[in-house]
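Q: coords please:
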Amino acid sequence: MVSGSTGGYGLAVRLPLLALGMVALVAGVAGGLARLGGHALLPGASAAWHGPLMIGAFFGTVISLERAVALGARWAYAAPLAAGLGGVALVALEAPRAAQALALAASLVLTAASARLAARNVALFTVTLALGAASWAVGNVAWLAGAGFPALVPWWIAFLVLTIAGERLELTRLMRPSRARQVAFGVIVAAVLAACALALVRPEAGWRLFGAALVALTAWLLLQDIARRTAREAGLTGYIGRCLLSGYVWLGVGGLLLLGPGAAYASFAWDAAVHAILLGFVFSMVFGHAPVIVPAVARANVRYHWSFYVPLALLHLSVAERVAGDLLALPSVRAAGGTLSALALIVFIATLITAIVRGRA
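A: Residues are numbered from 1 along each chain as shown. Purely as a prediction, here's the structure:
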């Protein structure tokens with residue numbers, strides 16, 4: 001998490017914004033299950049806009065809220081508000097143009113907030129966070145301009161990947177990476193952005209370069225991240241370290257798949273690659289960081305318990321099942337993996353709420 005002020009609005013504003021993000025999460029998960037052949041639990045738009053709901057409306061809201069809290073400026077809260085309302089526009093109003101405009105506004109405010117934080121503390125990790133926010137903005141510009149998903153989705157994924165990489169880089173300072181390793185990290189970030197730009201004109205080539213960059217990023221994180229040490233410890237520290245290391249494995253799997261058959265958009269292999277990254281990697285980071293981020297954003301004490309490993313195990317099992325179902329072209333196995341992923345999220349939220357109740361007690 002980016003260090004900074006904890007000013008700005010209090011819980012009366014933060015909790016409703018978090019609620020908007022949770023609405024987007026529920027709609028996105030329901031839409032994903034419908035796309036896999038399940039019953040539509042929500043309006044049809046949730047299935048049509050599964051990706052924008054998960055990446056823009058849910059993660060856009062949560063990440064923007066965290067950044068606004070870190071910056072401590074009230075204007076920065078416009079980003080999570082716009083992102084959350086964009087999700088409502090997609091599902092409840094079925095107004096995609098309004099949702100596109102709101103997503104763009106959210107990403108531009110987030111980019112401005114991230115740039116302000118980078119100006120306060122000029123460092124490689126703050127610049128990386130700003131580039132991640134800017135990636136979301138570029139993807140949203142392309143979305144509003146009518147670009148196809150094969151061209152713009154890399155920008156949205158880069159938003160999440162660079163945000164996570166920037167936050168992890170902040171903590172790797174404790175391990176004092178050498179100048180050469182810092183330069184290597186910068187080159188990898190540049191390769192991610194170059195791949196996104198290439199995908200705008202040559203999607204398949206862009207996806208392959210994107211995969212190569214993700215494999216390189218995986219190697220860097222596995223070698224340099226302090227999680228290699230913390231994973232050996234007990235309690236919450238060890239749990240977070242194991243979440244991170246297991247997530248990096250899925251990032252590498254996704255990158256390798258994109259280097260091969262996964263470069264073909266909407267193919268089974270592409271689905272496997274993208275969900276290895278967005279489910280296996282990104283949600284492993286969410287599961288690991290939530291016990292630390294929730295107290296800072298919602299001012300709720302989270303008491304760690306070994307039961308946090310239950311949703312983590314379900315998550316990895318679900319991703320493995322989904323990837324296997326994709327690569328073996330078995331729709332039923334793929335659908336079962338998606339359903340298990342939804343169950344993992346439900347169990348995690350229940351576990352987190354229970355930990356908050358324990359913390360209050």
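Q: what are the ranges of the strands in the stretch 51-200 of the chain?
A: With DSSP state E, counting those that start in this stretch, there are no strands along the stretch 51-200 of the chain.
Q: what ranges of the protein fall below the confidence cut-off?
A: Residue ranges of the chain with pLDDT under 70: 1-8, 38-46, 173-175, 361.
Q: try 80
A: Along the chain, the parts satisfying pLDDT under 80 run over 1-9, 37-47, 93-94, 171-177, 296-300, 359-361.
Q: Longest helix in it, please.
A: Of all segments of type helix in the chain, defined using DSSP state H, the longest is helix 331-360.
Q: What helices and strands are in contact with that helix?
A: The contact analysis (3 or more CB pairs under 8 Å, 6 or more residues apart in numbering; DSSP states H and E) places helix 331-360 against helix 11-35, helix 282-298, helix 309-327. Glycine gets a C-beta too; all of them are placed from N, C-alpha and C.
Q: now the longest one and helix 282-298, what's the angle there?
A: Calculated by axes from the mean of the first three to the mean of the last three CA atoms, to 10 degrees, helix 11-35 forms an angle of 160 degrees with helix 282-298.
Q: Which residues does stretch 334-347 contact?
A: Stretch 334-347 is contacted from outside by 25, 29, 32-33, 36-38, 268, 271, 279, 283, 310-312, 314-315, 317-326, using CB atoms under 8 Å, 6 or more residues apart in numbering.
Q: what's near enough to touch Ala197?
A: Contact partners of Ala197, counting by CB under 8 Å, 6+ apart, are Gly206.
Q: try 7 Å this time
A: The contact partners of Ala197, taken as CB atoms under 7 Å, 6 or more residues apart in numbering, number zero.
Q: can you check Ala355 too?
A: Each residue near Ala355 by CB under 7 Å, 6+ apart is listed here: Pro291, Val302, Arg303, Tyr304, His305.
Q: Pick the one among the residues you listed closest to Ala190.
A: Proximity of these to Ala190 (CB to CB) peaks at Pro291, which lies at 32.9 Å.
Q: Can you classify the residue nearest to that closest one when sequence neighbours are not counted by secondary structure?
A: With CB to CB, 6 or more residues apart in numbering as the criterion, Pro291 has its nearest non-adjacent residue at 4.5 Å, and that residue is Val302. With DSSP: H, G, I helix; E, B strand; the rest coil as the basis, the three-state label of Val302 is coil.
Q: how near is Val302 to Leu152?
A: Using CB to CB, to the nearest Å, Val302 is found at 35 Å from Leu152.
Q: buried residues in stretch 261-281?
A: Using 16 or more other CB atoms under 10 Å as the test for burial, stretch 261-281 gives 262-263, 265, 268-281.
Q: among the residues you listed, which are in strands?
A: Among the buried residues of stretch 261-281, none falls in strands (DSSP state E).
Q: Which ones among those residues map onto helices?
A: Those of those lying in helices (DSSP H): Phe268, Ala269, Trp270, Asp271, Ala272, Ala273, Val274, His275.
Q: Save these as JSON lines, and put in distance to Ala234 too.
A: Shown next, in JSON lines, are those (distance: CB to CB, whole Å):
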{"residue": "Phe268", "distance to Ala234": "40"}
{"residue": "Ala269", "distance to Ala234": "39"}
{"residue": "Trp270", "distance to Ala234": "39"}
{"residue": "Asp271", "distance to Ala234": "37"}
{"residue": "Ala272", "distance to Ala234": "34"}
{"residue": "Ala273", "distance to Ala234": "34"}
{"residue": "Val274", "distance to Ala234": "34"}
{"residue": "His275", "distance to Ala234": "31"}
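Q: Tell me the one among these nearest to Gly252.
A: Set against Gly252, the nearest of these by CB to CB is Ala273 (10.9 Å).
Q: check contacts around the closest one.
A: Contact analysis of Ala273 by CB under 7 Å, 6+ apart lists Gly254, Leu257, Leu258, Gly262.
Q: Sweet, I'm off.
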